[in-house]
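Q: Sequence first, then the predicted structure, then my questions.
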Amino acid sequence: MSMMKIHGGHRLMGEVTICGAKNSTVALIPAAILSDSPVEFNSVPDILDVHNLMLILQSMNVPSEFNDGTFKVNPTNIKESRLPSEAIKKLRASYYFMGSLLGKFHKAIVSFPGGDNIGPRPIDQHIRAFEALGATVTEDGDTVYIDATKHGLKGGIINFDMVSVGATINAILAATKADGITLIHNVAKEPEIVDIVTFLNSMGAKITGAGTDDIRIEGVQSLSATEPHTVIPDRIEAGTYLALAAAIGDGILVKNVIPEHLKPFTEKLTEMGLKLEINDDSIFVPESSNIQGVQITTDPFPGFATDWQQPITPLLLNAKSSSLIIDTIYPKRKKHVHELQKMGANIEVNADNNIVISPTKQLHGAVVSAGEIRAGAALLIAGLMADGDTIITHADHILRGYDQVVTKLSGLNADVELDDEIVPASAEA
């Protein structure tokens, strides 16, 4: 179990460069097996999820290389095989192999994916999509069997009951090589979906409508990569560093961003009273004071992302008035609240199951646990703000989603170290 030690109280300054989007990368890599030629991605984040995906690829006789942001994968000798359940259960996004294997072989056997425990995230919308394309889906325990070998995948009409990023991507992956035309309605519009479609179209797919409510796919027989695909910048990582800069920075430049993707976040910072300098591909956050409390309601893109609500929480503790967070996507996503209370944060969940953040003069170091990726990010920022030392156990959750986080923070004058030694029993409290 990884442990992160933070020596708090240091003001931060300098610049930090955002890497490629985690939420794009974990779908792009499974999508690569649809190619009939080797694939190369640039700006890939060095996170644990990528290394777990490499293990899954290896089980299918698909070699991959990862070095300095460049990820190379060769699916030309791919073999059908049952995917390793241990690696599958470590990350939720492994379910994208359902769609890509279905598109490649017209069948897939995948253990039910794991990942962050942030409340129910059923795959019923994914199953609806596969069945609309002619597949039969059965479940046995934690294993999902998807089969369209009898009649092949046929284009169809998919109507989602709810907006789902995962189901939208899985439907796209399966339909890209289906026979005929597929129409998908009520799809998610996140930038990461546009990124996936851009990659697939560069290989010869015929997909239109990404970024709108409806996507049209004309199935093709083969896909082939002709040039490297550069992953879009990670808007969630960018938001995390913007929050950190506002909370404890003396002037921080956040580089390699797409401001349009960050608009819901930066508008909320502006509402709080921050004077941001937004450039073409970077944002400067000056030293901030007199921050005002705000109400945040998470929504699908182009709304305020659920993945942002936890990293922005420590910043709200600095506000002169109370704030309210309403998470409409994952209402149970509150693992950070109790841990922040251990550090002296004036934060609670009210009777309506919303998070109330009240002004807090000073946080103090404590032993806390990162229950999932974004909760870990909140605790990391709080630890940097706190007086004294903070130990974050289960820090591997942070490493699942944040590229070279210790190196980047050290470059901003933070005193942070990672320790893989076994944590004493007392640290589990």
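A: Received the coordinates, thanks.
Q: residue ranges of the helices in the stretch 201-350 of the chain, please?
A: Assigned by DSSP state H, counting those that start in this stretch, the helices in the stretch 201-350 of the chain fall at 235-248, 263-272, 306-316, 335-342.
Q: For the third one, enumerate the helices and strands it packs against.
A: Secondary-structure packing of helix 306-316 (3 or more C-beta pairs under 8 Å, 6 or more residues apart in numbering; DSSP states H and E): helix 235-248, helix 263-272, strand 295-298, strand 323-327, helix 335-342, strand 355-357, helix 373-385. C-beta here means a position set from N, CA and C on the backbone, and glycine is covered the same way.
Q: Now with 7 Å, please.
A: Under the contact criterion of 3 or more C-beta pairs under 7 Å, 6 or more residues apart in numbering; DSSP states H and E, helix 306-316 touches helix 235-248, strand 295-298, strand 323-327, helix 373-385.
Q: What are the contacting residues of it?
A: With C-beta atoms under 7 Å, 6 or more residues apart in numbering as the test, helix 306-316 has contacts from 236, 239-240, 243, 246-247, 265, 293, 296, 298, 323, 325, 327, 329-330, 333, 336, 357, 374-375, 377-378, 381-382, 385.
Q: if we go to 6 Å?
A: For helix 306-316, contacts defined as C-beta atoms under 6 Å, 6 or more residues apart in numbering pick out 236, 239-240, 243, 246-247, 265, 298, 323, 325, 327, 329-330, 336, 357, 374-375, 377-378, 381-382, 385.
Q: Report the spatially closest residue to Gln295, excluding sequence-adjacent ones.
A: Leu324 (4.6 Å; C-beta to C-beta, 6 or more residues apart in numbering).
Q: What is the helix or strand harbouring Ala129 packed up against?
A: Assigned by DSSP states H and E, Ala129 belongs to helix 124-132. When contacts are defined as 3 or more C-beta pairs under 6 Å, 6 or more residues apart in numbering; DSSP states H and E, helix 124-132 packs onto strand 136-140, helix 165-175.
Q: Let's see stretch 213-227 as PDB, backbone CA atoms only.
A: Extracted C-alpha coordinates of stretch 213-227, given in PDB (Å, rounded to 0.1, in the frame of the first residue of the first chain):
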ATOM      1  CA  ASP A 213     -26.800  14.800 -28.500                       C
ATOM      2  CA  ASP A 214     -26.800  12.300 -31.400                       C
ATOM      3  CA  ILE A 215     -24.100  10.300 -33.000                       C
ATOM      4  CA  ARG A 216     -24.300   8.500 -36.400                       C
ATOM      5  CA  ILE A 217     -21.900   5.700 -37.300                       C
ATOM      6  CA  GLU A 218     -21.600   4.100 -40.700                       C
ATOM      7  CA  GLY A 219     -19.800   0.700 -40.000                       C
ATOM      8  CA  VAL A 220     -16.500   0.000 -41.800                       C
ATOM      9  CA  GLN A 221     -14.800  -3.300 -42.400                       C
ATOM     10  CA  SER A 222     -11.300  -2.300 -41.300                       C
ATOM     11  CA  LEU A 223      -9.400   0.400 -39.400                       C
ATOM     12  CA  SER A 224      -5.700   1.300 -39.700                       C
ATOM     13  CA  ALA A 225      -3.600   3.900 -37.900                       C
ATOM     14  CA  THR A 226      -1.500   6.100 -40.200                       C
ATOM     15  CA  GLU A 227      -0.100   8.700 -37.700                       C
END
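Q: can you give me the mean pLDDT across that stretch?
A: Averaged across stretch 213-227, pLDDT comes to 97.
Q: Outside of that stretch itself, list whatever touches it.
A: Applying C-beta under 6 Å, 6+ apart, the contact partners of stretch 213-227 are 34-37, 39, 155, 175, 177-185, 187, 203-209.
Q: Stretch 64-79 now?
A: The contact list for stretch 64-79 (C-beta under 6 Å, 6+ apart) reads 32-33, 35, 38-44, 54, 57, 60-63.
Q: Check stretch 374-385 too.
A: Residues outside stretch 374-385 that contact it (C-beta under 6 Å, 6+ apart): 6, 8, 240, 244, 247-248, 307, 310-311, 313-314, 335-336, 339-340, 343, 363, 368, 370, 390, 392, 397-398, 414.
Q: ok, now stretch 141-153?
A: Identification of contacts with stretch 141-153 by C-beta under 6 Å, 6+ apart yields 102, 106-112, 130, 133-138, 178-179.
Q: Let me see the contact set for the residue nearest to Ala21 when sequence neighbours are not counted.
A: With C-beta to C-beta, 6+ apart as the criterion, Ala21 has its nearest non-adjacent residue at 4.1 Å, and that residue is Asp234. Contact analysis of Asp234 by C-beta under 6 Å, 6+ apart lists 18-19, 21-22.
Q: now Asp234: how far from Asp250?
A: From Asp234 across to Asp250, the span is 24 Å (C-beta to C-beta, to the nearest Å).
Q: Thought Gly365 was touching Ala386, still the case?
A: Yes. Using C-beta atoms under 6 Å, Ala386 makes contact with Gly365 at a distance of 5.0 Å.
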